[in-house]
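Asker: Provided below are the primary sequence and the corresponding predicted coordinates.
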Amino acid sequence: MKVLTRASALLLIIAMLTQITWASDVLRILTWHGYADADWIAEFERDHDVRVDVTFVESDDELWEKLSKNHGEDFDVFAANTAELQRYIANNIATPIQIKNIPNSKNQALRFRNTEKITGLNHNGNLYAVPFTYSEMGLIYDKKQFKSAPTSMSALWLPQYQGKIILYDGSNHNFSLTALLLDAKNPFQLSPIEMNNTVKKLLELRAQNPIFYTGPEESVRLFLKNNAALMFANYGKQQVKQLQQANPEIGYIIPKEGALAWLDCWAITVSAKNKPLAGQWINFTLEKNISTALTRRQGLSNTLVANNLNEDDKIIWLEPSENFELRSQYWERIRAGNARKAPKKTQ
C-alpha cells in the first residue's frame, strides 16, 4: 500500500508539474483595439490553459516600430493589413502559415478563402497571413454643419472648416488618400513629381490646423469635444458606430474619388515561441461567435460573410507603398508644419 501510495503521489506530482509547465506558456499578441477583447482572452486562456499578453497599437508606424525593434522576438502573433505585410515578410519577421492548421478558415466567405488571389498575402508560393476583418476609410461629417452631404475628400481642405477637422496621425494612408485626390496614376507608387505634389497638398492640409488622433476611441472623443465638422475615418465604420452612439447627427460617405480600404490579417512571427498555439489563436478568432461579436461591437466587417459594400462605391484596397520610410520621414516634417526640404531618401 505504501508503494502504491508513493507511486500515486509521484504520478500526481508529475501531472501537476506537466500542467504547470503547459500553463506557463504565454501567447504574446500585438494587435489593434477591438481585435482581442478581454472576454475573448479569458475564454482562450481557459480553453488552452495558457496566459495571453496583449499589446495594442494605434498606427502602422507603431506596429512596425515594435516588430522591427527586436526582429519580432517580443511577439508571437500580430495583426497587419495586406499592404503592410510584405515588409514583414521581406525583413524575415513573418513566417509562412499552413492553412490546414486553421480549420475555421473553411467557414470564411469564398473571396477570403481564395487567399492566392488577395494581393499581399503570399510570397514565393507561401501564405503568410489569414484575413480577419476589413473596412473602407471614408469621411465622417456633422450634418448640422453641412447643408448637404460632402461628396469629395477635398472638403477637408475647405477654409471654412479650419480647426474643425479631425485627421488620422499616420504617414502612409495620408499620403495615399491625398495622392488619390490629386488623381495620381497609382496612389501607392508615387513618382518623384507626384510625391512632391502630394507633400505640397499635405502641407496645405496641415495649414487647416487639424486635430490629430491615433485610436478610434480618441477620435470620437476629439470629434465631440471640438464640435468637429469633418473627420477622415481611418477605422471606417468602427468609428461610425462609436460616434453615432453619442451623436446621431453624423453622416458617412465614400468620396467620389474613392476610399482606401484595408484588410487586416493575422500573421505569426518567425521567432514565435509556440507557433501551434499562435495558429490556434487565429483559428479561435474565426469562430462564428467571435467574428460576429467583432462586427456587433466594433461595426467592422468580418470575413465569414461577403463584402457588404455598395456596388457603386469606389473602393481601393491598400497596396504596399513605394517607400514606407520616406513617407514616414516626410510625415514627421509635415506634422511639424515644415517639409519644404526633402528628407534623405531611404531604400
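Answerer: Right, received. Where do you want to start? Numbering: from 1, shown residues only.
Asker: For the residue nearest to Ile97 when sequence neighbours are not counted, grab phi and psi.
Answerer: Once flanking residues are discounted, Ile97 sits nearest to Leu127: 5.3 Å by Cβ to Cβ, 6 or more residues apart in numbering. Where C-beta positions appear, they are placed from N, C-alpha and C, glycine not excepted. In terms of degrees, to the nearest 10, the main-chain angles of Leu127 are phi -90, psi 130.
Asker: With only the CA atoms kept, save the strand ranked longest in the chain in CSV.
Answerer: Scanning the chain for the longest strand, with DSSP state E as the assignment, gives strand 259-269. This file holds the C-alpha atoms of strand 259-269, laid out as CSV (Å, rounded to 0.1, in the frame of the first residue of the first chain):
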residue,chain,number,x,y,z
ALA,A,259,-12.0,55.4,-50.5
LEU,A,260,-8.9,53.4,-49.4
ALA,A,261,-9.8,50.1,-47.8
TRP,A,262,-7.8,47.8,-45.6
LEU,A,263,-7.9,44.1,-45.0
ASP,A,264,-6.4,43.2,-41.6
CYS,A,265,-5.0,39.7,-41.2
TRP,A,266,-3.3,37.6,-38.6
ALA,A,267,0.3,36.7,-39.1
ILE,A,268,2.8,34.6,-37.0
THR,A,269,6.3,35.8,-36.2
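Asker: counting contacts, what elements does it pack onto?
Answerer: Counting contacts by 3 or more Cβ pairs under 8 Å, 6 or more residues apart in numbering; DSSP states H and E, strand 259-269 is packed against strand 77-81, helix 82-90, strand 94-95, strand 130-136, helix 171-181, helix 275-285, strand 315-317.
Asker: So which bits of the fifth one are buried?
Answerer: With burial defined by 16 or more other Cβ atoms under 10 Å, the residues of helix 171-181 counted as buried are Ser171, Asn172, His173, Asn174, Phe175, Ser176, Leu177, Thr178, Ala179, Leu180, Leu181.
Asker: on contacts alone, who are the packing partners of it?
Answerer: For helix 171-181, the elements it packs on are helix 60-69, helix 192-206, strand 259-269, helix 324-335, judged by 3+ Cβ pairs under 8 Å, 6+ apart.
Asker: got the contact list for it?
Answerer: 60-61, 83-84, 137, 152-154, 167-168, 187-188, 190, 194, 198, 201-202, 205, 232, 234, 257-258, 260, 316, 318, 321, 324, 327-328, 330-332 (Cβ atoms under 8 Å, 6 or more residues apart in numbering).
Asker: just the buried members of those?
Answerer: 60-61, 83-84, 137, 153, 167-168, 187-188, 190, 194, 198, 201-202, 205, 232, 234, 257-258, 260, 316, 318, 321, 324, 327-328, 330-331.
Asker: residues of stretch 267-287 that come out buried?
Answerer: 267-272, 274-275, 277-286.
Asker: Low-confidence regions, the stretch 51-200 of the chain specifically.
Answerer: When residues are selected by pLDDT under 70, none of them lie in the stretch 51-200 of the chain.
Asker: which stretches of the stretch 201-347 of the chain have low pLDDT?
Answerer: Residues of the stretch 201-347 of the chain that meet the cut-off, pLDDT under 70, sit at 306-312, 338-347.
Asker: returning to that earlier point: wait, isn't the residue nearest to Ile97 in contact with Lys100?
Answerer: No: Leu127 lies out of contact with Lys100 (Cβ atoms under 8 Å); the separation is 10.5 Å.
Asker: Settle it for me: which of these two has more neighbours?
Answerer: When Leu127 and Lys100 are compared for neighbours, Leu127 comes out ahead with 18 against 9, by other Cβ atoms under 10 Å.
Asker: and that one, what does it touch?
Answerer: Leu127 is in contact with Pro96, Ile97, Gln98, Ile99, Thr115, Glu116, Leu121, counting by Cβ under 8 Å, 6+ apart.
Asker: Same question for Ser154.
Answerer: Counted by Cβ under 8 Å, 6+ apart, Ser154 has contacts Leu181.
Asker: what residues go with each domain of this structure?
Answerer: Domains of the chain are assigned by automatic domain parsing as 2-132+263-308, 139-253+317-335.
Asker: Now do the nearest residue to Thr285 once chain neighbours are set aside against Asn91, distance only.
Answerer: Ranked by Cβ to Cβ, 6+ apart and with sequence neighbours excluded, the top spatial neighbour of Thr285 is Phe132, at 6.0 Å. As judged by Cβ to Cβ, to the nearest Å, Phe132 and Asn91 stand 22 Å apart.
Asker: Mind checking which of the two has more residues around it?
Answerer: Phe132 (24 against 14).
Asker: For the more buried one, list the residues it contacts.
Answerer: Phe132 neighbours (Cβ under 8 Å, 6+ apart): Tyr35, Ala79, Asp264, Cys265, Trp266, Ile282, Thr285, Leu286, Ser291, Asn302, Thr303.
Asker: Tell me the most packed of those residues, by neighbour count.
Answerer: Cys265 (29 neighbours).
Asker: Nothing else from me, thank you.
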